[in-house]
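Undergrad: have a look; sequence and predicted model below, questions after that.
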Amino acid sequence: MGVNMRKARISDAQDIYKLIHYYANKRLMLARSLSEIYENIQGFFVIEKNKRIIGCCALHVTWEDLAEIKSLAVSPRYARKGYGTLLLKESEKEARQLGVKRLFALTFIPSFFRKNKFKETTREKLPHKIWIECVRCVYFPNCKEIPLIKKL
Ligand SMILES: CC(C)(COP(=O)(O)OP(=O)(O)OC[C@H]1O[C@@H](n2cnc3c(N)ncnc32)[C@H](O)[C@@H]1OP(=O)(O)O)[C@@H](O)C(=O)NCCC(=O)NCCS
């Protein structure tokens, strides 16, 4: 059966949660609660293969011209096949349609984002609003995530 990229549905939330937690348990990405996933479900794209969710990515608008790529994950079985890039490109397309001018990500895998034309930046250059989430995070203030940004 083929691969299907689509907007997430409420019924995908549990699968998205499992995918994120697979990596969060290995400390490779930040955990998201089921409640956060439901509240932000409209921002998620998923890739479905054989009726299973094998990838997800969330676009989160932060400010008047700025949005964040969050919770981007591809099931390890399907890694390095271009699915992560597909999810990112679809989220970028939606960001452009919404009028987003700059897209940023905080990541432990900067090479993936660099390959997709993001440039490294510093947290101080991002709006202070993003710190609200940072201070609530279990890794604050010892966060090793690298901020990258792209002009759309
Ligand atoms: C990051 C992630 C989404 C990439 O998904 P993917 O489908 O494997 O990515 P792609 O196949 O589109 O990769 C494109 C390029 O990105 C880079 N890349 C992807 N995964 C990488 C990794 N684990 N380490 C280093 N570079 C990586 C490579 O340059 C790759 O090209 P190549 O395979 O020709 O060398 C996936 O590895 C993942 O789920 N990681 C854990 C969660 C995470 O860190 N998310 C990002 C932060 S929100």
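TA: Good, I have the coordinates.
Undergrad: mind listing what's buried along stretch 61-69?
TA: Using 16 or more other C-beta atoms under 10 Å as the test for burial, stretch 61-69 gives 62, 66-69. Where C-beta positions appear, they are placed from N, C-alpha and C, glycine not excepted.
Undergrad: if we take the residues you listed, which one ends up nearest to the ligand?
TA: Ile69 (6.3 Å; C-beta to the nearest ligand atom).
Undergrad: close to the ligand: what parts of the chain are there?
TA: 23, 28-29, 72-74, 79-85, 105, 107-109, 111-112, 115 (C-beta under 6 Å from any ligand atom).
Undergrad: cutoff 5 Å now
TA: Counting by C-beta under 5 Å from any ligand atom, the residues of the chain close to the ligand are 23, 28-29, 72-74, 79-80, 82-85, 107, 109, 111-112, 115.
Undergrad: per-residue pLDDT, the residue of the chain found nearest the ligand?
TA: Going by C-beta to the nearest ligand atom, the ligand is nearest to Gly84 of the chain, at 2.3 Å. On the pLDDT scale, Gly84 is placed at 98.
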